[in-house]
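Novice: My questions concern the predicted model and sequence given below.
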Amino acid sequence: MSKTNRRKFIATAATVAAGTVAASAITLTKVQKKYPVVHQVFFWLKNPASPEDRDKLITGLKTLSKIETVKEIRVGIVAGTEKRDVVDNSWSVSELIFFSDLNSQAVYQTHPIHLQFIKDCSHLWEKVIVYDSVTV
């Protein structure tokens, strides 16, 4: 590759990378401003070695997306990231839900779909921790 072509390639690659980072930041900023209320829940299964129990809980959590005040939902399992003192990977399944405002989150709490999820799935977990926050 000639020096001129190499410089053009490096310049193009740097521009693409910078554009990708900027687009990601813009998307995240839009979500934070549009849906500033965040509801994060961690579940510890009674039987953490059971893929069937984990999958039942995941299926149940995904039904929550049908609630009209839920703007975005993410359901996850523990990532295989590096073990560090500050990382708690003792849980089994998590949910991350975004709401437009606190009233929308309150509607979610008493919604029949949410109550049905609790009725159908609460036997699967031994512990739940909830973190609710508002974007600043």
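Specialist: Nice, thanks for sending it over.

Novice: residue ranges of the helices in the protein, please?
Specialist: 3-34, 51-62, 102-110, 112-121 (DSSP state H).

Novice: averaging pLDDT over each of those, which comes out lowest?
Specialist: Lowest mean pLDDT within the helices of the chain: helix 3-34, a mean of 53.

Novice: Domains of the chain: list them as residue ranges, please.
Specialist: According to automatic domain parsing, the chain comprises the domains 1-34, 35-134.

Novice: Turn these into JSON lines, columns for mean neighbour count.
Specialist: From N, CA and C alone the C-beta is placed, and that goes for glycine too. Compiled in JSON lines, those are given as follows (neighbours: other CB atoms under 10 Å):
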{"stretch": "domain 1-34", "mean neighbour count": "10"}
{"stretch": "domain 35-134", "mean neighbour count": "14"}
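
Novice: Contacts only, for the nearest residue to residue 46 once chain neighbours are set aside.
Specialist: In this structure, residue 46 finds its nearest non-sequential neighbour in residue 126, 4.5 Å apart by CB to CB, 6 or more residues apart in numbering. With contacts defined as CB atoms under 8 Å, 6 or more residues apart in numbering, residue 126 is in contact with 44, 45, 46.

Novice: Any figure for the gap between the last one and residue 68?
Specialist: By that I understand residue 46. As judged by CB to CB, to the nearest Å, residue 46 and residue 68 stand 31 Å apart.

Novice: same thing with the second one?
Specialist: Residue 45 sits 29 Å away from residue 68, taking CB to CB as the criterion.

Novice: With the first one instead?
Specialist: Plainly put, residue 44 is 29 Å away from residue 68 if you go by CB to CB.

Novice: Over to residue 55?
Specialist: Distance, residue 55 to residue 68, by CB to CB: 26 Å.

Novice: and stretch 102-114, how far from the chain's centre?
Specialist: 18 Å (CA atoms, centre = their mean, to the nearest Å).

Novice: What are the contacting residues of it?
Specialist: Contacts for stretch 102-114 (CB under 8 Å, 6+ apart): 37, 39, 63-64, 66-71, 97, 99, 132, 134.
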